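J.: quick one, structure for this:
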Amino acid sequence: MKSTDADSDVRPQKILLTGATGYVGGRLLPILCARQHSVRCLMRRRTSFSGASAESKESMGAQVVLGDVLNLESLLPALEGIETAYYLVHSMGDKADFEKTDRQAAENFARACSMQGVQRIIYLGGLGNPSSELSKHLRSRQEIGTILRSSTATVIEFQASIIIGSGSLSFEMIRALVERLPVMICPKWVRVMAQPIAIEDVLAYLVEALSHPLEGSKVYEIGGPDQVSYGELMQRYARQRGLRRFMIPVPFLSPYLSSLWLGLVTPLYSRVGRKLVDSLKNPTLVRDHQAHARFNVVPRSVDEAIARALVNEDQEFAATRWSDAFSSGGKPRSWGGVRFGSRLVDSRTRDVPLTAQQAFAAVRQIGGETGWYYGNWLWKLRGFLDLLVGGVGVRRGRRHPTEIRVGDAIDFWRVEQFEDNKLLRLAAEMKVPGRAWLEFEVTERDGGSTVRQTAVFDPVGLFGIVYWYSLFPLHELVFRGMLRNLCRAAEENTRSHQNR
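T.: Numbering: from 1, shown residues only. Presented below is the predicted three-dimensional model:
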(Lines give C-alpha, C1' and ligand atoms only; values in the text may rest on other atoms or scores of the structure.)
Protein backbone atom coordinates (compact mmCIF):
# COMPACT_ATOMS: atom_id res chain seq x y z
CA MET A 1 0.00 0.00 0.00
CA LYS A 2 1.51 3.31 -1.10
CA SER A 3 -0.48 5.88 0.83
CA THR A 4 -0.80 5.57 4.57
CA ASP A 5 -3.89 6.50 6.56
CA ALA A 6 -2.35 8.29 9.52
CA ASP A 7 -5.31 10.64 9.56
CA SER A 8 -7.92 7.91 9.94
CA ASP A 9 -8.39 8.76 13.64
CA VAL A 10 -8.84 12.50 13.10
CA ARG A 11 -11.98 13.84 14.77
CA PRO A 12 -14.99 14.41 12.50
CA GLN A 13 -15.12 17.94 11.11
CA LYS A 14 -17.72 20.16 9.47
CA ILE A 15 -16.52 20.48 5.90
CA LEU A 16 -17.64 22.45 2.85
CA LEU A 17 -16.66 20.81 -0.41
CA THR A 18 -16.70 22.88 -3.59
CA GLY A 19 -16.26 21.17 -6.93
CA ALA A 20 -18.03 18.03 -5.70
CA THR A 21 -19.27 17.30 -9.24
CA GLY A 22 -15.75 17.63 -10.66
CA TYR A 23 -13.04 15.06 -11.19
CA VAL A 24 -11.13 15.41 -7.90
CA GLY A 25 -14.07 16.54 -5.75
CA GLY A 26 -16.25 13.67 -6.93
CA ARG A 27 -13.65 11.19 -5.74
CA LEU A 28 -12.90 13.03 -2.51
CA LEU A 29 -16.53 13.17 -1.34
CA PRO A 30 -17.11 9.45 -0.62
CA ILE A 31 -13.78 9.28 1.25
CA LEU A 32 -14.77 12.17 3.52
CA CYS A 33 -18.23 10.72 4.14
CA ALA A 34 -16.78 7.29 4.90
CA ARG A 35 -14.61 8.89 7.60
CA GLN A 36 -17.74 10.25 9.31
CA HIS A 37 -17.10 13.92 8.51
CA SER A 38 -20.11 16.20 8.21
CA VAL A 39 -19.81 17.20 4.56
CA ARG A 40 -21.72 20.00 2.89
CA CYS A 41 -21.49 20.15 -0.93
CA LEU A 42 -21.82 23.47 -2.72
CA MET A 43 -23.67 23.08 -6.03
CA ARG A 44 -25.02 25.72 -8.38
CA ARG A 45 -28.02 23.57 -9.29
CA ARG A 46 -29.61 20.33 -8.13
CA THR A 47 -28.34 18.58 -11.26
CA SER A 48 -25.07 19.55 -12.94
CA PHE A 49 -24.42 19.63 -16.67
CA SER A 50 -22.42 16.42 -16.27
CA GLY A 51 -25.49 14.65 -14.91
CA ALA A 52 -24.23 14.49 -11.31
CA SER A 53 -27.25 15.05 -9.09
CA ALA A 54 -27.75 16.35 -5.57
CA GLU A 55 -29.48 13.06 -4.74
CA SER A 56 -26.29 11.12 -5.53
CA LYS A 57 -24.37 13.27 -3.04
CA GLU A 58 -27.06 13.02 -0.39
CA SER A 59 -27.13 9.24 -0.72
CA MET A 60 -23.52 9.22 0.56
CA GLY A 61 -24.54 11.17 3.65
CA ALA A 62 -23.57 14.63 2.43
CA GLN A 63 -25.73 17.75 2.68
CA VAL A 64 -26.24 19.72 -0.52
CA VAL A 65 -26.54 23.50 -0.47
CA LEU A 66 -27.17 25.65 -3.50
CA GLY A 67 -24.71 28.46 -4.03
CA ASP A 68 -22.28 30.01 -6.48
CA VAL A 69 -18.70 31.13 -5.84
CA LEU A 70 -19.44 34.12 -8.09
CA ASN A 71 -22.19 35.21 -5.69
CA LEU A 72 -20.83 36.25 -2.29
CA GLU A 73 -24.24 36.30 -0.61
CA SER A 74 -24.92 32.68 -1.56
CA LEU A 75 -21.64 31.57 0.06
CA LEU A 76 -22.41 32.92 3.53
CA PRO A 77 -25.12 30.39 4.52
CA ALA A 78 -23.13 27.60 2.88
CA LEU A 79 -20.07 28.37 5.04
CA GLU A 80 -21.94 28.89 8.30
CA GLY A 81 -20.47 26.64 11.01
CA ILE A 82 -17.84 25.20 8.66
CA GLU A 83 -14.39 24.39 10.05
CA THR A 84 -12.59 23.35 6.85
CA ALA A 85 -13.40 24.29 3.25
CA TYR A 86 -12.04 22.55 0.17
CA TYR A 87 -11.61 24.87 -2.79
CA LEU A 88 -11.60 22.70 -5.93
CA VAL A 89 -13.07 25.20 -8.40
CA HIS A 90 -11.54 26.06 -11.75
CA SER A 91 -13.17 27.54 -14.84
CA MET A 92 -10.69 26.72 -17.60
CA GLY A 93 -13.53 25.42 -19.74
CA ASP A 94 -15.49 28.69 -19.60
CA LYS A 95 -15.89 30.51 -22.88
CA ALA A 96 -15.39 33.83 -21.11
CA ASP A 97 -12.13 35.15 -19.60
CA PHE A 98 -11.37 32.30 -17.19
CA GLU A 99 -8.66 34.26 -15.35
CA LYS A 100 -11.06 37.04 -14.47
CA THR A 101 -13.77 34.55 -13.49
CA ASP A 102 -11.42 32.55 -11.27
CA ARG A 103 -10.11 35.71 -9.63
CA GLN A 104 -13.60 36.92 -8.73
CA ALA A 105 -14.60 33.47 -7.44
CA ALA A 106 -11.53 33.18 -5.20
CA GLU A 107 -11.98 36.71 -3.83
CA ASN A 108 -15.61 35.94 -2.93
CA PHE A 109 -14.65 32.67 -1.29
CA ALA A 110 -11.79 34.15 0.73
CA ARG A 111 -14.01 36.97 1.98
CA ALA A 112 -16.90 34.64 2.86
CA CYS A 113 -14.55 32.29 4.76
CA SER A 114 -13.26 35.27 6.78
CA MET A 115 -16.78 36.48 7.53
CA GLN A 116 -17.90 33.01 8.72
CA GLY A 117 -14.76 32.17 10.71
CA VAL A 118 -13.60 29.20 8.65
CA GLN A 119 -10.39 27.87 10.20
CA ARG A 120 -8.81 26.08 7.26
CA ILE A 121 -8.95 26.17 3.44
CA ILE A 122 -7.47 23.29 1.44
CA TYR A 123 -6.77 24.15 -2.18
CA LEU A 124 -5.45 22.08 -5.10
CA GLY A 125 -3.51 24.24 -7.56
CA GLY A 126 -1.02 23.81 -10.39
CA LEU A 127 2.71 23.16 -10.22
CA GLY A 128 5.07 25.54 -12.00
CA ASN A 129 8.05 27.77 -11.29
CA PRO A 130 6.60 31.26 -10.64
CA SER A 131 9.91 32.88 -11.64
CA SER A 132 9.46 31.59 -15.20
CA GLU A 133 6.97 32.78 -17.80
CA LEU A 134 3.92 30.75 -16.78
CA SER A 135 0.98 30.05 -19.05
CA LYS A 136 -2.27 31.84 -18.29
CA HIS A 137 -3.64 28.58 -16.92
CA LEU A 138 -0.86 27.99 -14.40
CA ARG A 139 -0.61 31.69 -13.53
CA SER A 140 -4.31 31.70 -12.72
CA ARG A 141 -4.06 28.56 -10.58
CA GLN A 142 -1.27 30.08 -8.50
CA GLU A 143 -2.99 33.45 -8.26
CA ILE A 144 -6.01 31.71 -6.71
CA GLY A 145 -3.80 30.40 -3.92
CA THR A 146 -2.51 33.90 -3.24
CA ILE A 147 -6.05 35.29 -3.09
CA LEU A 148 -7.24 32.55 -0.74
CA ARG A 149 -4.36 33.34 1.61
CA SER A 150 -5.79 36.84 2.00
CA SER A 151 -8.56 35.33 4.15
CA THR A 152 -8.29 34.88 7.91
CA ALA A 153 -8.27 31.09 7.43
CA THR A 154 -5.09 29.04 7.29
CA VAL A 155 -4.58 27.88 3.71
CA ILE A 156 -2.94 24.59 2.76
CA GLU A 157 -2.23 24.72 -0.98
CA PHE A 158 -1.08 21.69 -2.94
CA GLN A 159 0.51 22.34 -6.31
CA ALA A 160 0.38 19.27 -8.54
CA SER A 161 1.77 18.30 -11.93
CA ILE A 162 -0.17 15.94 -14.23
CA ILE A 163 -2.77 13.93 -12.32
CA ILE A 164 -2.97 10.37 -13.62
CA GLY A 165 -6.34 8.74 -13.26
CA SER A 166 -9.10 7.61 -15.55
CA GLY A 167 -11.15 10.71 -16.31
CA SER A 168 -8.54 13.36 -15.56
CA LEU A 169 -8.16 15.89 -18.37
CA SER A 170 -4.42 15.40 -18.93
CA PHE A 171 -4.62 11.61 -18.77
CA GLU A 172 -7.58 11.51 -21.17
CA MET A 173 -5.65 13.74 -23.59
CA ILE A 174 -2.69 11.34 -23.49
CA ARG A 175 -5.04 8.38 -23.90
CA ALA A 176 -6.75 9.93 -26.92
CA LEU A 177 -3.48 10.74 -28.68
CA VAL A 178 -1.94 7.31 -28.08
CA GLU A 179 -5.06 5.31 -28.92
CA ARG A 180 -5.81 7.16 -32.14
CA LEU A 181 -2.43 8.03 -33.64
CA PRO A 182 0.02 5.24 -34.59
CA VAL A 183 2.43 7.96 -35.75
CA MET A 184 2.58 11.24 -33.83
CA ILE A 185 4.05 14.53 -34.99
CA CYS A 186 5.51 15.84 -31.73
CA PRO A 187 5.97 19.58 -31.11
CA LYS A 188 8.32 20.96 -28.47
CA TRP A 189 5.82 20.63 -25.62
CA VAL A 190 5.90 16.83 -25.94
CA ARG A 191 9.50 17.00 -24.69
CA VAL A 192 8.69 19.20 -21.66
CA MET A 193 9.33 17.48 -18.33
CA ALA A 194 6.64 16.76 -15.74
CA GLN A 195 6.34 14.87 -12.45
CA PRO A 196 3.00 13.03 -12.66
CA ILE A 197 1.09 11.94 -9.58
CA ALA A 198 -1.67 9.33 -9.21
CA ILE A 199 -5.15 10.54 -8.30
CA GLU A 200 -5.14 8.21 -5.26
CA ASP A 201 -2.06 10.00 -3.91
CA VAL A 202 -3.58 13.43 -4.52
CA LEU A 203 -6.63 12.34 -2.54
CA ALA A 204 -4.38 11.03 0.25
CA TYR A 205 -2.74 14.47 0.53
CA LEU A 206 -6.10 16.26 0.52
CA VAL A 207 -7.49 14.02 3.26
CA GLU A 208 -4.40 14.14 5.46
CA ALA A 209 -4.44 17.95 5.23
CA LEU A 210 -7.50 17.86 7.51
CA SER A 211 -5.29 16.89 10.44
CA HIS A 212 -2.19 18.80 9.34
CA PRO A 213 -0.95 21.12 12.13
CA LEU A 214 -2.08 24.73 11.63
CA GLU A 215 1.27 26.53 11.60
CA GLY A 216 0.34 29.26 9.17
CA SER A 217 -0.53 29.01 5.48
CA LYS A 218 1.75 26.73 3.45
CA VAL A 219 2.27 25.76 -0.17
CA TYR A 220 3.28 22.15 -0.82
CA GLU A 221 4.52 20.88 -4.18
CA ILE A 222 3.43 17.30 -4.82
CA GLY A 223 4.41 14.79 -7.48
CA GLY A 224 5.36 11.18 -8.00
CA PRO A 225 8.91 9.83 -7.89
CA ASP A 226 9.41 9.92 -11.69
CA GLN A 227 10.33 12.90 -13.84
CA VAL A 228 9.23 12.19 -17.42
CA SER A 229 8.46 14.08 -20.59
CA TYR A 230 4.96 14.03 -22.05
CA GLY A 231 6.34 11.92 -24.88
CA GLU A 232 7.72 9.32 -22.48
CA LEU A 233 4.42 9.31 -20.61
CA MET A 234 2.64 8.51 -23.88
CA GLN A 235 5.06 5.69 -24.61
CA ARG A 236 4.57 4.20 -21.13
CA TYR A 237 0.80 4.30 -21.59
CA ALA A 238 1.20 2.67 -25.03
CA ARG A 239 3.28 -0.17 -23.58
CA GLN A 240 0.61 -0.97 -20.98
CA ARG A 241 -2.02 -1.04 -23.71
CA GLY A 242 0.14 -3.26 -25.94
CA LEU A 243 0.57 -0.59 -28.62
CA ARG A 244 3.59 0.54 -30.66
CA ARG A 245 3.72 4.25 -31.32
CA PHE A 246 6.18 6.21 -33.44
CA MET A 247 6.93 9.79 -32.46
CA ILE A 248 8.45 12.27 -34.91
CA PRO A 249 9.79 15.43 -33.22
CA VAL A 250 9.32 18.73 -35.07
CA PRO A 251 10.54 22.22 -34.10
CA PHE A 252 7.23 23.88 -34.92
CA LEU A 253 3.54 23.45 -34.07
CA SER A 254 2.58 26.32 -31.77
CA PRO A 255 0.16 25.84 -28.88
CA TYR A 256 -2.58 27.25 -31.12
CA LEU A 257 -1.89 24.79 -33.96
CA SER A 258 -1.46 21.97 -31.44
CA SER A 259 -4.86 22.74 -29.94
CA LEU A 260 -6.48 22.63 -33.38
CA TRP A 261 -4.81 19.29 -34.00
CA LEU A 262 -5.97 18.04 -30.61
CA GLY A 263 -9.52 19.16 -31.42
CA LEU A 264 -9.47 17.08 -34.59
CA VAL A 265 -8.14 14.00 -32.80
CA THR A 266 -10.61 14.24 -29.93
CA PRO A 267 -13.49 16.79 -29.98
CA LEU A 268 -13.71 16.51 -26.19
CA TYR A 269 -10.87 19.04 -25.95
CA SER A 270 -11.87 21.47 -28.68
CA ARG A 271 -12.99 24.11 -26.15
CA VAL A 272 -10.19 23.80 -23.60
CA GLY A 273 -7.49 22.49 -25.92
CA ARG A 274 -5.61 25.74 -26.46
CA LYS A 275 -5.59 26.63 -22.76
CA LEU A 276 -4.45 23.14 -21.85
CA VAL A 277 -1.76 22.85 -24.51
CA ASP A 278 -0.53 26.36 -23.74
CA SER A 279 0.17 25.25 -20.16
CA LEU A 280 2.20 22.26 -21.35
CA LYS A 281 5.10 24.52 -22.34
CA ASN A 282 5.96 24.88 -18.64
CA PRO A 283 7.99 22.19 -16.84
CA THR A 284 6.07 20.98 -13.80
CA LEU A 285 8.73 19.53 -11.51
CA VAL A 286 8.81 19.44 -7.72
CA ARG A 287 11.56 21.77 -6.43
CA ASP A 288 10.47 21.95 -2.78
CA HIS A 289 10.23 18.52 -1.12
CA GLN A 290 8.54 19.59 2.14
CA ALA A 291 5.42 17.55 1.33
CA HIS A 292 7.45 14.34 1.34
CA ALA A 293 8.75 15.14 4.83
CA ARG A 294 5.53 16.49 6.34
CA PHE A 295 2.90 14.05 5.03
CA ASN A 296 2.51 10.28 5.32
CA VAL A 297 2.10 9.78 1.58
CA VAL A 298 4.50 7.74 -0.57
CA PRO A 299 3.42 8.47 -4.15
CA ARG A 300 3.23 5.73 -6.76
CA SER A 301 5.51 5.52 -9.79
CA VAL A 302 4.27 6.57 -13.21
CA ASP A 303 3.88 2.96 -14.34
CA GLU A 304 1.94 2.07 -11.19
CA ALA A 305 -0.25 5.15 -11.60
CA ILE A 306 -1.13 4.25 -15.19
CA ALA A 307 -1.81 0.63 -14.23
CA ARG A 308 -4.03 1.76 -11.36
CA ALA A 309 -5.95 4.11 -13.66
CA LEU A 310 -6.71 1.24 -16.04
CA VAL A 311 -7.61 -1.16 -13.20
CA ASN A 312 -9.85 1.42 -11.53
CA GLU A 313 -11.61 1.99 -14.82
CA ASP A 314 -12.25 -1.75 -15.14
CA GLN A 315 -13.61 -1.87 -11.58
CA GLU A 316 -15.82 1.17 -12.16
CA PHE A 317 -17.10 -0.39 -15.37
CA ALA A 318 -17.78 -3.70 -13.63
CA ALA A 319 -19.81 -1.95 -10.92
CA THR A 320 -21.77 0.23 -13.34
CA ARG A 321 -25.50 -0.08 -13.77
CA TRP A 322 -26.13 1.31 -17.23
CA SER A 323 -29.66 2.29 -16.24
CA ASP A 324 -28.10 4.77 -13.81
CA ALA A 325 -25.34 5.86 -16.16
CA PHE A 326 -27.60 6.77 -19.06
CA SER A 327 -31.05 7.58 -17.73
CA SER A 328 -30.14 11.00 -16.35
CA GLY A 329 -28.43 12.08 -19.53
CA GLY A 330 -31.32 11.46 -21.91
CA LYS A 331 -30.80 9.89 -25.31
CA PRO A 332 -27.09 9.73 -26.25
CA ARG A 333 -26.33 12.15 -29.08
CA SER A 334 -23.12 10.43 -30.18
CA TRP A 335 -23.52 8.60 -33.51
CA GLY A 336 -21.50 5.57 -32.46
CA GLY A 337 -22.66 5.37 -28.87
CA VAL A 338 -21.43 7.20 -25.79
CA ARG A 339 -17.97 6.93 -24.20
CA PHE A 340 -17.12 5.41 -20.85
CA GLY A 341 -13.40 6.02 -20.35
CA SER A 342 -11.77 4.37 -23.38
CA ARG A 343 -14.88 2.32 -24.09
CA LEU A 344 -17.52 2.81 -26.75
CA VAL A 345 -21.01 1.96 -25.58
CA ASP A 346 -24.24 1.13 -27.42
CA SER A 347 -27.11 0.94 -24.91
CA ARG A 348 -30.81 0.61 -25.64
CA THR A 349 -33.96 -0.28 -23.68
CA ARG A 350 -37.40 -1.77 -24.27
CA ASP A 351 -40.36 -1.92 -21.88
CA VAL A 352 -42.36 -5.14 -21.57
CA PRO A 353 -45.59 -5.91 -19.60
CA LEU A 354 -43.86 -8.72 -17.74
CA THR A 355 -42.33 -9.38 -14.35
CA ALA A 356 -38.53 -9.35 -14.15
CA GLN A 357 -38.56 -13.14 -13.87
CA GLN A 358 -40.69 -13.51 -17.00
CA ALA A 359 -38.58 -11.05 -19.00
CA PHE A 360 -35.28 -12.55 -17.89
CA ALA A 361 -36.32 -16.05 -18.97
CA ALA A 362 -35.50 -15.15 -22.57
CA VAL A 363 -32.13 -13.72 -21.52
CA ARG A 364 -31.32 -16.94 -19.67
CA GLN A 365 -31.79 -18.97 -22.89
CA ILE A 366 -29.61 -16.87 -25.20
CA GLY A 367 -27.00 -18.53 -27.39
CA GLY A 368 -26.51 -22.21 -28.08
CA GLU A 369 -29.52 -23.88 -29.71
CA THR A 370 -31.72 -20.81 -29.08
CA GLY A 371 -29.38 -18.51 -30.94
CA TRP A 372 -29.15 -14.73 -30.60
CA TYR A 373 -32.74 -13.79 -31.49
CA TYR A 374 -31.78 -11.89 -34.64
CA GLY A 375 -29.49 -12.53 -37.61
CA ASN A 376 -28.35 -15.95 -36.46
CA TRP A 377 -26.64 -16.52 -39.81
CA LEU A 378 -24.58 -13.36 -39.16
CA TRP A 379 -23.53 -14.70 -35.76
CA LYS A 380 -22.55 -18.02 -37.37
CA LEU A 381 -20.59 -16.18 -40.06
CA ARG A 382 -18.82 -14.18 -37.36
CA GLY A 383 -17.98 -17.43 -35.59
CA PHE A 384 -16.64 -18.98 -38.79
CA LEU A 385 -14.42 -15.96 -39.45
CA ASP A 386 -13.23 -16.17 -35.86
CA LEU A 387 -12.19 -19.78 -36.39
CA LEU A 388 -10.22 -18.80 -39.50
CA VAL A 389 -8.06 -16.41 -37.47
CA GLY A 390 -7.54 -18.86 -34.60
CA GLY A 391 -10.46 -17.90 -32.39
CA VAL A 392 -12.95 -20.08 -30.52
CA GLY A 393 -15.87 -19.68 -32.94
CA VAL A 394 -19.45 -20.52 -31.92
CA ARG A 395 -19.12 -24.31 -31.85
CA ARG A 396 -18.80 -24.41 -28.05
CA GLY A 397 -22.53 -23.77 -27.62
CA ARG A 398 -23.49 -23.71 -23.95
CA ARG A 399 -23.38 -26.07 -20.96
CA HIS A 400 -27.14 -26.07 -20.28
CA PRO A 401 -30.07 -24.63 -22.29
CA THR A 402 -31.40 -22.49 -19.41
CA GLU A 403 -29.00 -22.62 -16.46
CA ILE A 404 -26.16 -20.09 -16.25
CA ARG A 405 -23.17 -19.86 -13.95
CA VAL A 406 -20.32 -17.35 -13.83
CA GLY A 407 -17.51 -18.75 -15.96
CA ASP A 408 -19.80 -20.62 -18.39
CA ALA A 409 -19.00 -20.47 -22.11
CA ILE A 410 -21.87 -19.31 -24.32
CA ASP A 411 -20.72 -19.66 -27.95
CA PHE A 412 -17.77 -17.23 -28.21
CA TRP A 413 -18.69 -15.38 -25.01
CA ARG A 414 -17.83 -16.10 -21.37
CA VAL A 415 -20.22 -15.34 -18.50
CA GLU A 416 -18.50 -12.66 -16.44
CA GLN A 417 -21.36 -11.68 -14.12
CA PHE A 418 -24.76 -13.21 -13.46
CA GLU A 419 -27.61 -12.24 -11.13
CA ASP A 420 -30.69 -14.33 -11.77
CA ASN A 421 -33.65 -12.30 -13.05
CA LYS A 422 -31.49 -9.16 -13.01
CA LEU A 423 -28.21 -9.21 -14.92
CA LEU A 424 -26.16 -11.17 -17.44
CA ARG A 425 -22.79 -9.80 -18.52
CA LEU A 426 -20.84 -11.63 -21.21
CA ALA A 427 -17.18 -11.01 -22.05
CA ALA A 428 -16.14 -11.69 -25.65
CA GLU A 429 -13.59 -14.42 -26.37
CA MET A 430 -13.64 -13.99 -30.15
CA LYS A 431 -10.74 -12.27 -31.88
CA VAL A 432 -11.32 -8.50 -31.85
CA PRO A 433 -8.94 -5.51 -31.78
CA GLY A 434 -9.75 -4.76 -28.17
CA ARG A 435 -12.12 -6.10 -25.52
CA ALA A 436 -15.89 -6.46 -25.83
CA TRP A 437 -18.85 -7.12 -23.54
CA LEU A 438 -22.56 -7.74 -24.04
CA GLU A 439 -24.87 -7.10 -21.12
CA PHE A 440 -28.56 -7.64 -20.42
CA GLU A 441 -30.20 -6.04 -17.40
CA VAL A 442 -33.85 -6.33 -16.33
CA THR A 443 -35.43 -3.94 -13.82
CA GLU A 444 -39.02 -3.97 -12.66
CA ARG A 445 -41.20 -0.87 -13.00
CA ASP A 446 -44.87 -0.06 -12.56
CA GLY A 447 -46.85 -2.24 -14.94
CA GLY A 448 -43.94 -4.39 -16.07
CA SER A 449 -40.19 -4.37 -16.59
CA THR A 450 -37.50 -2.62 -18.59
CA VAL A 451 -34.94 -4.66 -20.50
CA ARG A 452 -31.63 -2.90 -21.16
CA GLN A 453 -29.20 -4.34 -23.68
CA THR A 454 -25.69 -2.86 -23.72
CA ALA A 455 -22.80 -3.58 -26.05
CA VAL A 456 -19.41 -2.27 -24.90
CA PHE A 457 -16.15 -2.18 -26.84
CA ASP A 458 -12.75 -1.15 -25.48
CA PRO A 459 -10.75 -0.54 -28.68
CA VAL A 460 -7.00 -0.96 -28.77
CA GLY A 461 -5.40 1.61 -31.03
CA LEU A 462 -6.67 3.20 -34.21
CA PHE A 463 -7.58 -0.15 -35.79
CA GLY A 464 -9.91 -0.87 -32.87
CA ILE A 465 -11.69 2.45 -33.32
CA VAL A 466 -11.99 1.91 -37.09
CA TYR A 467 -13.35 -1.59 -36.42
CA TRP A 468 -16.13 -0.24 -34.18
CA TYR A 469 -17.26 2.54 -36.48
CA SER A 470 -17.01 0.50 -39.69
CA LEU A 471 -19.33 -2.12 -38.18
CA PHE A 472 -21.67 0.39 -36.58
CA PRO A 473 -24.42 0.16 -39.27
CA LEU A 474 -24.44 -3.63 -38.92
CA HIS A 475 -24.38 -3.40 -35.12
CA GLU A 476 -27.28 -0.96 -35.25
CA LEU A 477 -29.32 -3.46 -37.26
CA VAL A 478 -28.38 -6.53 -35.22
CA PHE A 479 -28.60 -5.01 -31.74
CA ARG A 480 -31.95 -3.36 -32.41
CA GLY A 481 -33.38 -6.58 -33.83
CA MET A 482 -31.92 -8.69 -31.04
CA LEU A 483 -33.50 -6.63 -28.27
CA ARG A 484 -36.84 -6.46 -30.08
CA ASN A 485 -37.01 -10.22 -30.70
CA LEU A 486 -35.72 -11.10 -27.23
CA CYS A 487 -38.56 -9.12 -25.65
CA ARG A 488 -41.03 -10.60 -28.08
CA ALA A 489 -39.85 -14.12 -27.22
CA ALA A 490 -40.23 -13.37 -23.50
CA GLU A 491 -43.85 -12.26 -24.04
CA GLU A 492 -44.67 -15.28 -26.21
CA ASN A 493 -43.12 -17.71 -23.68
CA THR A 494 -45.15 -16.10 -20.90
CA ARG A 495 -48.40 -16.40 -22.87
CA SER A 496 -47.73 -20.03 -23.74
CA HIS A 497 -47.11 -20.89 -20.08
CA GLN A 498 -50.29 -19.08 -19.02
CA ASN A 499 -52.39 -20.95 -21.61
CA ARG A 500 -51.26 -24.39 -20.44
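
J.: ranges for the helices of the stretch 301-450 of the chain?
T.: 302-319, 322-327, 356-364, 376-388 (DSSP state H, counting those that start in this stretch).

J.: weakest of these in terms of mean pLDDT?
T.: Comparing mean pLDDT over the helices of the stretch 301-450 of the chain, the weakest stretch is helix 322-327, at a mean of 41.

J.: longest helix in the protein, by residue count?
T.: helix 472-498 (DSSP state H).

J.: shaky segments in the stretch 201-350 of the chain?
T.: Along the stretch 201-350 of the chain, the parts satisfying pLDDT under 70 run over 252-280, 315-342.

J.: sorry, back to before: buried residues, the longest helix of the chain. List them.
T.: The neighbour-count criterion (16 or more other CB atoms under 10 Å) identifies H475, V478, F479, M482, L483, N485, L486, C487, A489, A490, N493, T494 as the buried residues of helix 472-498. In this view, the C-beta of every residue, glycine as well, is placed from N, C-alpha and C.

J.: equivalent analysis for stretch 289-309, please.
T.: 291-292, 295, 297, 299-300, 302, 304-309.

J.: I'd like to know which of those residues is nearest to K188.
T.: V302 (21.0 Å; CB to CB).

J.: now do the same contact list for the residue lying closest to that closest one once chain neighbours are set aside.
T.: Of all residues not flanking V302 in the chain, D226 sits nearest, at 4.4 Å (CB to CB, 6 or more residues apart in numbering). Counting by CB atoms under 8 Å, 6 or more residues apart in numbering, D226 makes contact with Q195, P196, S301, V302.

J.: could you pull up phi and psi at D226?
T.: Dihedral angles of D226 (phi, psi; degrees, to the nearest 10) stand at phi -100, psi 140.

J.: show me how the record splits the chain into domains.
T.: Per automatic domain parsing, the domain ranges recorded for the chain read 6-316, 321-498.

J.: centre of the chain to the longest one, how far?
T.: What that stands for is domain 6-316. Mean C-alpha position of domain 6-316 versus that of the full chain (CA atoms, centre = their mean, to the nearest Å) differs by 14 Å.

J.: same question, stretch 427-434
T.: That offset, for stretch 427-434, works out to 23 Å (CA atoms, centre = their mean).

J.: what bridges to T443?
T.: T450 (DSSP bridges).

J.: just the pLDDT for it.
T.: The model's pLDDT for T443 equals 91.

J.: output the below-cut-off pLDDT ranges for the stretch 1-150 of the chain.
T.: Within the stretch 1-150 of the chain, the ranges that satisfy pLDDT under 70 run 1-10, 45-60, 91-96.

J.: can you map out the helices along it?
T.: In the stretch 1-150 of the chain, the segments counted as helices under DSSP H, counting those that start in this stretch are 23-34, 54-58, 72-79, 98-116, 136-148.

J.: quick one: closest of the ones you listed to N421.
T.: Here helix 54-58 is closest among these (CB to CB), at 25.9 Å.

J.: still on that earlier bit, okay if I get the helices of the stretch 1-150 of the chain as a markdown table plus mean neighbour count and distance to D420?
T.: Shown next, in a markdown table, are the helices of the stretch 1-150 of the chain (neighbours: other CB atoms under 10 Å; distance: least, CB to CB, whole Å):
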| stretch | mean neighbour count | distance to D420 |
| --- | --- | --- |
| helix 23-34 | 20 | 29 |
| helix 54-58 | 17 | 28 |
| helix 72-79 | 18 | 46 |
| helix 98-116 | 19 | 51 |
| helix 136-148 | 21 | 51 |
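
J.: nearest to A204, of these?
T.: With CB to CB, the closest approach to A204 among those belongs to helix 23-34: 9.2 Å.

J.: the inter-axis angle of the closest one versus helix 302-319?
T.: Helix 23-34 runs at 70 degrees relative to helix 302-319, counting by axes from the mean of the first three to the mean of the last three CA atoms, to 10 degrees.

J.: list of residues touching helix 23-34?
T.: With CB under 8 Å, 6+ apart, helix 23-34 has contacts from 15, 17-20, 39, 41, 52, 57, 60-62, 86, 88, 124, 163, 165, 167-169, 199, 202-203, 206-207.

J.: can you pull the phi/psi pair for P12?
T.: phi -60, psi 140.

J.: er, G397 I mean
T.: phi 60, psi -140.

J.: circling back to that earlier point, so of the helices of the stretch 301-450 of the chain, which one's packed in deepest?
T.: Mean neighbours per residue, mean count of other CB atoms under 10 Å, is largest over the helices of the stretch 301-450 of the chain for helix 356-364, with a mean of 21.
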